[in-house]
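S.K.: Quick one: sequence plus predicted model below, questions after.
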Amino acid sequence: MTLPKLTAGQAVSIVLSILLGAVFLFSGYTKLYPIEPFEYTFVDLGVAGWNTAPFVARLLIGLEFCCGALLIINFRLRRFTLPLVSGLLVAFCIYLTAVLISKGNSGNCGCFGEYLTMTPLEAIAKNIGLLLLCGLIYVMTAPMEVRYMKHLAAALCIVGLGLPFILNVVDLQSSKNLQPESVNYKVPLEILYETKNPRNTKPDIELRTGKHIIAYLSLTCPHCKIAAQKIHVLHKEDPSIPFYIVLNGKRELYEPYLKTYGLEDIPHELFFGPEEFMKMSGATFPQILWVNNSIVEKKGGYFQLNQKTIDDWLKE
């Protein structure tokens with residue numbers, strides 16, 4: 001192994017490269033749990049279908065793992081790794097700019113999954129900062145020839161690409177069930193009763209038998225607020241409608257949300273854990289399931305909610 005004599009600046013570039021690699025590893029890992037929002041991004045973009053999106057999402061996460069690993073071992077930074085990383089960051093910036101133009105600066109960009117919420121504008125600023133860091137590393141770095149470095153890099157890339165498929169195995173049946181048009185499947189309501197999160201409580205009613213309209217709402221979703229208002233009005237007109245509301249978000253938003261949208265008298269709960277939540281609801285909010293003995297017979301948003309349709313369904 002031949003190591004060049006490093007200046008202080010070159011030593012700093014090695015440290016910066018390792019730190020940048022750690023950011024990529026962290027970014028990839030946080031997208032895995034839950035992975036469904038990331039999968040649905042590719043469906044929304046039109047670059048993948050419902051059956052292929054789980055594979056595309058994991059491959060891109062694997063690419064992030066590869067970039068992180070190559071940065072950490074300082075593999076051919078100028079000739080290969082930094083151009084690859086920069087290209088990926090530019091692609092992310094282009095996508096985020098398109099989201100910003102079409103949907104505005106709201107919601108979670110998904111850069112760090114559900115672990116760290118960032119708006120598109122914040123994410124663009126973050127990526128620009130990382131691009132500047134790439135440029136700094138490029139200027140300061142010193143080429144190193146280390147024996148077997150190619151073999152190590154190849155092995156790490158193979159592991160990196162395969163790791164997302166091992167850590168979060170593709171479940172095509174679950175993916176199929178969560179498609180907007182899919183019905184007549186069993187929703188895993190046992191999650192509400194057997195949740196792994198100790199902060200969650202069991203529902204006071206039995207949702208696994210009989211007919212129930214279960215609304216999965218995010219406390220920060222603007223469309224969910226419209227759904228909550230409509231559910232409140234329908235419940236006020238007919239308290240016998242078997243609504244159940246599952247809310248997801250920060251605890252400090254919970255009580256104000258209930259009071260603002262008049263949901264206190266409707267059976268509800270605050271459910272923690274986005275991965276378990278999305279196994280029931282999917283990543284599209286609001287998600288309202290019309291459930292008969294745990295089987296989803298209808299689903300959609302608040303547009304489908306009206307007194308006559310509900311009455312007809314309950315009488316079937």
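M.R.: Alright, I've got the coordinates.
S.K.: In stretch 250-262, which residues are buried?
M.R.: Y254, Y257, L258, Y261 (16 or more other C-beta atoms under 10 Å). Yep, even glycine has a C-beta here, placed from its N, CA and C like the rest.
S.K.: what sits against the last one?
M.R.: It stands for Y261. Y261 is in contact with K225, A228, Q229, H232, counting by C-beta atoms under 8 Å, 6 or more residues apart in numbering.
S.K.: the longest helix in this protein is where?
M.R.: Secondary structure of the chain read by DSSP state H shows that its longest helix is helix 8-32.
S.K.: For that helix, buried residues please.
M.R.: Result for helix 8-32 [16+ other C-beta under 10 Å]: buried residues 13-14, 16-17, 20-21, 23-32.
S.K.: Which single one of the buried residues of stretch 250-262 is nearest to L270?
M.R.: Y254 (4.8 Å; C-beta to C-beta).
S.K.: check contacts around that closest one.
M.R.: L219, L247, L270.
S.K.: could you dump those residues to TSV with neighbour count?
M.R.: Below are the contacts of Y254 laid out as TSV (neighbours: other C-beta atoms under 10 Å):
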residue	neighbour count
L219	19
L247	21
L270	20
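S.K.: Closest to M140 out of the residues you listed?
M.R.: L219 (44.7 Å).
S.K.: pretty sure that closest one is in contact with V246, am I right?
M.R.: No - L219 is not in contact with V246 according to C-beta atoms under 8 Å; the separation is 11.2 Å.
S.K.: As a check, name the ranges of all strands in the stretch 151-300 of the chain.
M.R.: 211-218, 243-248, 268-270, 287-292, 295-300 (DSSP state E, counting those that start in this stretch).
S.K.: Parallel or antiparallel, list what pairs with the third one.
M.R.: When pairs are called by DSSP bridges, strand 268-270 turns out to pair with strand 243-248 (parallel).
S.K.: In terms of helices and strands, where is V56?
M.R.: Using DSSP states H and E, V56 sits in helix 53-72.
S.K.: Around L289, how many other residues sit close by?
M.R.: When neighbours are counted by other C-beta atoms under 10 Å, L289 registers 24.
S.K.: so what's it up against?
M.R.: Taking C-beta under 8 Å, 6+ apart as the test, what L289 contacts is V187, I213, I214, A215, Y216, S281, V296, K298, K299.
S.K.: Compile these into CSV and extend it with columns for distance to G87 and neighbour count.
M.R.: Listed next are the contacts of L289 as CSV, based on distance: C-beta to C-beta, whole Å; neighbours: other C-beta atoms under 10 Å:
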residue, distance to G87, neighbour count
V187, 41, 21
I213, 47, 22
I214, 43, 24
A215, 42, 27
Y216, 37, 24
S281, 35, 26
V296, 42, 17
K298, 44, 16
K299, 39, 25
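S.K.: just those now: which is nearest D204?
M.R.: Using C-beta to C-beta, the contacts of L289 come closest to D204 at I214, 13.9 Å.
S.K.: Helix or strand, whichever it is, which one in this protein has the lowest mean pLDDT?
M.R.: Lowest by mean pLDDT, DSSP states H and E among the helices and strands of the chain is helix 172-177, with a mean of 68.
S.K.: Look up how far N197 lies from E276.
M.R.: 7 Å (C-beta to C-beta, to the nearest Å).
S.K.: who's more crowded, the two?
M.R.: E276 (20 against 12).
S.K.: Report the contact partners of the more buried one.
M.R.: Counted by C-beta under 8 Å, 6+ apart, E276 has contacts I191, T195, K196, N197.
S.K.: re the thing from before, okay if I get the strands of the stretch 151-300 of the chain as a markdown table plus distance to R76 and mean pLDDT?
M.R.: Compiled in a markdown table, these are given as follows (distance: least, C-beta to C-beta, whole Å; pLDDT from 0 to 100):
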| stretch | distance to R76 | mean pLDDT |
| --- | --- | --- |
| strand 211-218 | 43 | 96 |
| strand 243-248 | 44 | 96 |
| strand 268-270 | 49 | 95 |
| strand 287-292 | 46 | 96 |
| strand 295-300 | 50 | 93 |
